[in-house]
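*Asks:* Predicted model, plus sequence, below.
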Amino acid sequence: MTEKVLVTASEFHRSFGALSDRALKEPISITKQGRDHLVLMSAEEYARLKRGPRVGLAEDLPEPMLQLVKRSRMHRRRKHLDAELKNWKP
């Protein structure tokens, strides 16, 4: 994993061209008054993040998947968590 790239807002303003080229390869964190303010990243990376995993409701699962969830059990080291699934209904 690469180290987070931080630049100040004024540095970003002065070096927009070079930083926008660099943001095509890795996100650039832009700080303002010492705090994270914006992140500059490629449109491709932004689209990928927007497409990311979607979380849905259990009630929207097809019946075969609901049955698998109902029958599922935790690993033996997490057996105490089976209580979370007991009497579960979508």
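*Replies:* Right, received. Where do you want to start?

*Asks:* Touching, Val69 and Trp88? I think so.
*Replies:* Yes: counting by Cβ atoms under 8 Å, Trp88 is a contact partner of Val69 at 7.5 Å. In short, each C-beta sits where N, CA and C put it, glycine included.

*Asks:* any idea which element Met74 lies in?
*Replies:* Met74 is part of no helix or strand, with elements assigned from DSSP states H and E.

*Asks:* if I look at it, how far off is Glu84?
*Replies:* According to Cβ to Cβ, to the nearest Å, Met74 and Glu84 sit 8 Å apart.

*Asks:* do the same with Ile28
*Replies:* Distance of Ile28 to Glu84, computed by Cβ to Cβ: 41 Å.

*Asks:* same check, this time on Asp60
*Replies:* To Glu84, Asp60 is 20 Å away according to Cβ to Cβ.

*Asks:* Likewise for Asp21?
*Replies:* As for Asp21, its distance to Glu84 is 49 Å (criterion: Cβ to Cβ).

*Asks:* okay, now the nearest residue to Met74 once chain neighbours are set aside: neighbour count?
*Replies:* Using Cβ to Cβ, 6 or more residues apart in numbering and skipping residues adjacent in sequence, the residue nearest Met74 is Leu81, 4.7 Å away. Applying other Cβ atoms under 10 Å, we find 11 residues neighbouring Leu81.

*Asks:* repeat for Ile30
*Replies:* The local packing of Ile30 (other Cβ under 10 Å) involves 20 other residues.

*Asks:* Which other helices and strands does the helix or strand containing it contact?
*Replies:* Per DSSP H and E: Ile30 is located in strand 28-32. Secondary-structure packing of strand 28-32 (3 or more Cβ pairs under 8 Å, 6 or more residues apart in numbering; DSSP states H and E): strand 5-8, helix 9-14, strand 35-40.

*Asks:* distance between the helix or strand immediately after the last one in the chain and the chain's centre?
*Replies:* It stands for strand 35-40. Using DSSP H and E, the helix or strand that follows strand 35-40 in sequence is helix 43-51. With Cα atoms, centre = their mean, to the nearest Å as the basis, helix 43-51 stands 11 Å off its chain's centre.
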